[in-house]
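**Student:** compute the structure for the input listed below.
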Amino acid sequence: AVGAALPPPPAGLAAETGAAADFGLTGDAMATEVVTEMAVEPSGAAPELAVAEGGAGACSPALLSMYEHLVSHVVLRELRELPAAAAAGAQASKHPDDVPPPRLAPYFRLCAWCARRGAVSPSLRVEELQDLYALQDGHRFECDETKREMLSFWHAATRASFACVPPPPLVAPPPQALSAAFHRLLDSFVSLRPNERFLEYNRAFLPSFYGLLREMLDCPGGDDCLRVLVPHRNWEWAIKYVIVDTAEYVQLLQTPDQEPDPFAHTLRSLLRSSAGVNADWRLRTLGVALSSNKLLTNRANVLPLLVICMAGEEEVATACERGATAQLCACLDACGAALYEDARWETLLPIMALLAKCAGWLRHRTSDDARAEARRLTALGAWDVAATRDQVLHVLFLLLRPSLGLPPAQGSRPSPVPPPTLQAASFDVAGLLAAVDDSCAQTITSALLRNRARLAPAGPLQAALNALERASAASAASGRLAELEAVLEAAKLVGPLAGEEGGAPVGPAEEG
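**Tutor:** Just a heads-up that it's a prediction; the model follows:
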């Protein structure tokens, strides 16, 4: 029925490619075969998007002709009426195992194929695509292949249009039309069921969906779209169920040994844009991220989300009240030593940097603000330091070896040297542990005094160590804490000791 509704392609197109007039939008194999024959890739061009200077599509005239034919004669006329005609008899899927009819999926897959190779149409407009999408989405089919391919085409066409000068109407629409389309996309029917069919479908659907939203923010009037995104319930739902509660779809934290993930980059960009709008969004998102207590099991997503949201003092205070300090320490307890041994600084640094932010707020007494002091004491009271104290101290000593002159364990391999920013954050965390737990203060003090000969022989650091030794001998806990904090601050300023090679401290190896 779809094939019969399509007008024949231009005569020149059929003549150039030798394809039949009925060039088959009825199946994947036929569509792939025909477009492969028609496409003439430019030498050395990028496969995803090739656009020539001046904005003309850097692809064969046959491909441009076919694409314009498909868009102008099909999208803007026949296909606009096909979903509407089918809507009267279509029933929404009542069972998650029902497979919706593929209908126009191959057609939109063909259009997306053309767009990814640089084909751009001046006939495409946001309003028409929104109408088509709304008609298809209105069926509320589970795992709708037609909707997925339609969205993939819209995304590819938008990316291709951005490469043109001047920009075509698709990426320069009236602001109200862009905002309306953005809002309709956010209202989409989405289902995340815990089975392999839905996981596979959404792994293909969600990158195009959020990629299109990200591209639309770059259009004129994108600021209006951002104001639609931030309070939208489906965006908050996605943060909880797509990012926080599961790592099945994306991992926001990209490590050097991973292939770059465009979907992760897209989501990080949308999250940063949302966080820049107002503090209310950051506070709500912190609540979602911390209340699920998923940092330990879903570190690759929750950790970057905390980094984005803990931007100001109020956000840090709220995070501490909601248990961020305890969750970060539990994360260090579980995997800190392994991250250190593997030199995974890209993961350790945000953990320690966030703990350092918590340390700054928890150690700042505000006697002139009773409410702030009450919040600080409540956050401290809810943190069970003893639960993770030993392992966190172990990780801190590993990170501070270069600066404090602590030797490696006997027979161990050369220790990796953390970057200066990571060591500075570790000093702040050590100061927090010493301030809130007397056992931590005694352990840190003993390690410093036992290895003081390996530290700088003169200067502020040795002077601070002398004062710490005197305070320890006098058994004055308050004085010892003040002097210990002075030692940590002085050592942080000195930085890694000179004379280290390959990350291993100089001198005989001994237990720290």
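
**Student:** for the stretch 301-450 of the chain, give me the ranges with low pLDDT.
**Tutor:** Applying pLDDT under 70 to the stretch 301-450 of the chain picks out residues 366-367, 405-413.

**Student:** roughly how far is the helix or strand where residue 236 lies from the heart of the chain?
**Tutor:** Per DSSP states H and E, residue 236 falls inside helix 233-238. Computed by Cα atoms, centre = their mean, to the nearest Å, the chain-centroid distance of helix 233-238 equals 15 Å.

**Student:** which outside residues touch the helix ranked longest in the chain?
**Tutor:** For the chain, the helix with the greatest residue count under DSSP state H is helix 196-217. For helix 196-217, contacts defined as Cβ atoms under 8 Å, 6 or more residues apart in numbering pick out 96, 142-143, 147-148, 151-152, 154-155, 158-159, 162, 171, 178, 181-182, 185-186, 188, 190-192, 222, 225-226, 229, 242, 248-250, 262-263, 266-267, 269-270, 273. Any C-beta I mention is one placed from the backbone N, CA and C, and that applies to glycine too.

**Student:** weed out the non-buried ones from these.
**Tutor:** Neighbour counting with 16 or more other Cβ atoms under 10 Å marks 142-143, 147-148, 151-152, 154-155, 158-159, 162, 171, 178, 181-182, 185-186, 190, 192, 222, 225-226, 229, 242, 249-250, 263, 266-267, 270, 273 as buried within the contacts of helix 196-217.

**Student:** so which of the contacts of helix 196-217 sit within helices?
**Tutor:** 147-148, 151-152, 154-155, 158-159, 162, 178, 181-182, 185-186, 222, 225-226, 229, 262-263, 266-267, 269-270, 273.

**Student:** list the contacts of the residue lying closest to residue 133 once chain neighbours are set aside.
**Tutor:** Of all residues beyond its chain neighbours, the one nearest residue 133 is residue 150 (6.1 Å), with distances taken as Cβ to Cβ, 6 or more residues apart in numbering. By Cβ under 8 Å, 6+ apart, the contact set of residue 150 is 104, 108, 132-133, 136.

**Student:** which of the residues you listed are buried? Put it as a ChimeraX command.
**Tutor:** In ChimeraX, a selection of the buried entries from those looks like this (16+ other Cβ under 10 Å):
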select :104,108,132,133,136
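
**Student:** what's the neighbour count on residue 474?
**Tutor:** Residue 474 has 10 neighbouring residues, counting by other Cβ atoms under 10 Å.

**Student:** do you know the pLDDT at it?
**Tutor:** Note on residue 474: pLDDT of 70.

**Student:** give me the nearest residue to residue 263, chain neighbours excluded.
**Tutor:** Per Cβ to Cβ, 6+ apart, closest to residue 263 is residue 207, 4.2 Å.

**Student:** can you report how many residues lie near that neighbour?
**Tutor:** Considering only other Cβ under 10 Å, residue 207 is surrounded by 21 other residues.

**Student:** next SSE after the helix or strand containing residue 351?
**Tutor:** Using DSSP H and E, residue 351 maps to helix 345-362. Next along the chain after helix 345-362, taking DSSP H and E as the criterion, comes helix 370-381.

**Student:** okay, angle between that following helix and helix 345-362 too, please.
**Tutor:** 130 degrees (axes from the mean of the first three to the mean of the last three Cα atoms, to 10 degrees).

**Student:** what's the next secondary structure element after helix 370-381?
**Tutor:** helix 385-404.

**Student:** tell me the angle of that following helix relative to helix 345-362?
**Tutor:** Using the same axes, to 10 degrees: helix 385-404 against helix 345-362 is 110 degrees.

**Student:** residue contacts, residue 294?
**Tutor:** 244-245, 301-302.

**Student:** residue 271 now?
**Tutor:** Residue 271 neighbours (Cβ under 8 Å, 6+ apart): 239, 252, 304-305, 308.

**Student:** how many residues are close by the closest residue to residue 268 other than its chain neighbours?
**Tutor:** Using Cβ to Cβ, 6+ apart and skipping the chain neighbours, the partner closest in space to residue 268 is residue 252 (5.8 Å). Around residue 252 there are 22 other residues, counting by other Cβ under 10 Å.

**Student:** the one 4 residues further on now?
**Tutor:** Neighbours of residue 256 under the rule other Cβ under 10 Å: 7.

**Student:** is it correct that it falls within a strand?
**Tutor:** No: using DSSP: H, G, I helix; E, B strand; the rest coil, the assignment for residue 256 is coil, not a strand.

**Student:** contacting residues for it?
**Tutor:** Contacts for residue 256 (Cβ under 8 Å, 6+ apart) come out as residue 346.

**Student:** and the contacts of the helix holding residue 236?
**Tutor:** Against helix 233-238 from outside (Cβ under 8 Å, 6+ apart): 186-188, 190, 229, 274, 284-285, 288.

**Student:** what residues of that helix count as buried?
**Tutor:** Buried-residue list, helix 233-238, by 16+ other Cβ under 10 Å: 235-236, 238.

**Student:** then stretch 371-379?
**Tutor:** Quick answer for stretch 371-379 (16+ other Cβ under 10 Å): 372, 375-376, 379.

**Student:** and for stretch 161-179?
**Tutor:** For stretch 161-179, by 16+ other Cβ under 10 Å, it's 161-164, 168-171, 173, 178-179.

**Student:** that one: end-to-end distance?
**Tutor:** 18 Å (Cα to Cα, to the nearest Å).

**Student:** same check, this time on stretch 443-460
**Tutor:** 22 Å.

**Student:** now for residue 333: which residues touch it?
**Tutor:** By Cβ under 8 Å, 6+ apart, the neighbours of residue 333 are 387-388, 391-392.

**Student:** by neighbours, which of the residues you listed wins?
**Tutor:** Busiest of these [other Cβ under 10 Å] is residue 392, holding 23 neighbours.

**Student:** picking that back up, distance to residue 482 added to the contacts of residue 333, as a markdown table?
**Tutor:** Formatted as a markdown table, the contacts of residue 333 follow (distance: Cβ to Cβ, whole Å):
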| residue | distance to residue 482 |
| --- | --- |
| 387 | 27 |
| 388 | 25 |
| 391 | 27 |
| 392 | 22 |
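
**Student:** ok so, going back, quick check: of the buried residues of stretch 161-179, which lies closest to residue 351?
**Tutor:** Nearest to residue 351 out of the buried residues of stretch 161-179 is residue 162 (Cβ to Cβ; 36.8 Å).

**Student:** how about stretch 359-369: buried residues?
**Tutor:** Quick answer for stretch 359-369 (16+ other Cβ under 10 Å): 359, 361-363.

**Student:** how far off centre is that stretch?
**Tutor:** The answer for stretch 359-369 is 31 Å, by Cα atoms, centre = their mean.
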